[in-house]
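> could you work out the structure for the sequence below:
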Amino acid sequence: PTPFFVIATQNPQDQLGTFALPESQLDRFLMRISLGYPDRAAERQLLAGIDRREMLATLPALLTPGELTALQQRVQQVHAAEPLLNYVQDLIAATRSGRWFLQGLSPRAGIAVLRAAKAQALLANRHYVAPDDVQAVLPQTVAHRLTPVGDAGRGAVEQVRAMIAAVPLP
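As a prediction, this is how the structure comes out:
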């Protein structure tokens with residue numbers, strides 16, 4: 001149906017029966033967002049409450065499919081100026097340099113970054129993408145696609161943030 005999207009959960013890689021997805025499949029996920037553990041009060045509500053799967057049936061829709069499709073079309077209309085596109089390309093090139101990651105980002109990942117940055121700009125009530133939008137979405141949009149170089153001493157998200165700090169703004 002339109003609109004179509006998938007939300008998936010991921011178990012820890014070292015958990016029995018869990019296998020890492022191949023890079024070609026990971027590259028098709030727009031973002032990886034880690035929610036972490038709930039705080040004590042929220043966890044207590046989970047423990048004391050009814051089964052969350054049963055609660056899904058009672059959740060009200062916040063958008064109709066038509067409204068969501070209209071928002072997706074508005075995201076496509078958000079403007080990305082030439083200097084901003086240069087900045088995105090500079091970030092992508094930095095991932096391919098061998099300094100930060102074992103393998104760089106694919107063209108599909110670059111499109112995902114720009115699409116996510118446009119959505120971020122729309123959420124900020126702007127009709128144009130700013131470098132801050134790219135920086136805000138970059139870790140969640142690309143870290144799952146990248147493996148830091150061996151001597152990095154940090155995870156992919158932290159390595160992406162370090163790379164952002166090193167790549168000059170437009």
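> the most far-flung residue of the chain relative to its centre and V137, how far apart?
Ranked by distance from the centre of the chain (C-alpha atoms, centre = their mean), the top residue is A48, with 32.0 Å. From A48 across to V137, the span is 36 Å (C-beta to C-beta, to the nearest Å). C-betas here are computed from N, CA, C, even on glycine.
> next: Q89.
16 Å.
> low-confidence ranges, this structure, go.
11-19 (pLDDT under 70).
> now with 80, please.
For the chain, the stretches with pLDDT under 80 are 5-35, 49-53, 55, 151-152.
> where do the helices sit along it?
23-26, 40-48, 52-55, 65-77, 82-96, 107-123, 131-142, 156-166 (DSSP state H).
> buried set for the last one?
I take that to be helix 156-166. Neighbour counts over helix 156-166 (16 or more other C-beta atoms under 10 Å) mark 156-157, 159-161, 163-164 as buried.
> between those, which is nearest A117?
The nearest member of the buried residues of helix 156-166 to A117, counting by C-beta to C-beta, is I164 at 12.6 Å.
> which residue comes closest to the closest one once chain neighbours are left out?
Q135 (5.4 Å; C-beta to C-beta, 6 or more residues apart in numbering).
> what about that neighbour, distance to V113?
For Q135 relative to V113 (C-beta to C-beta), the value is 10 Å.
> just G153 next, same as before
25 Å.
> quick one, which of the two is more surrounded?
V113 (21 against 9; other C-beta atoms under 10 Å).
> now do the contacts for the nearest residue to the more buried one once chain neighbours are set aside.
Spatial nearest neighbour of V113, excluding adjacent residues (C-beta to C-beta, 6+ apart): T141 at 5.2 Å. Going by C-beta atoms under 8 Å, 6 or more residues apart in numbering, T141 touches 30-31, 109, 112-113, 116.
> just name the closest of those to G66, please.
So of the contacts of T141, ranked by how close each gets to G66 (C-beta to C-beta), first place is L30, at 21.4 Å.
> just give me the neighbour total for the residue lying closest to that closest one once chain neighbours are set aside.
Closest residue to L30 apart from its sequence neighbours, by C-beta to C-beta, 6+ apart: A112 at 5.3 Å. Residues within reach of A112, counting by other C-beta under 10 Å, total 21.
> residues touching A109, list them.
So A109 contacts 27, 92, 141-142, 145 (C-beta under 8 Å, 6+ apart).
> determine which two of the residues you listed are furthest apart.
Across the contacts of A109 (C-beta to C-beta), the longest gap, 13.1 Å, separates D27 and I92.
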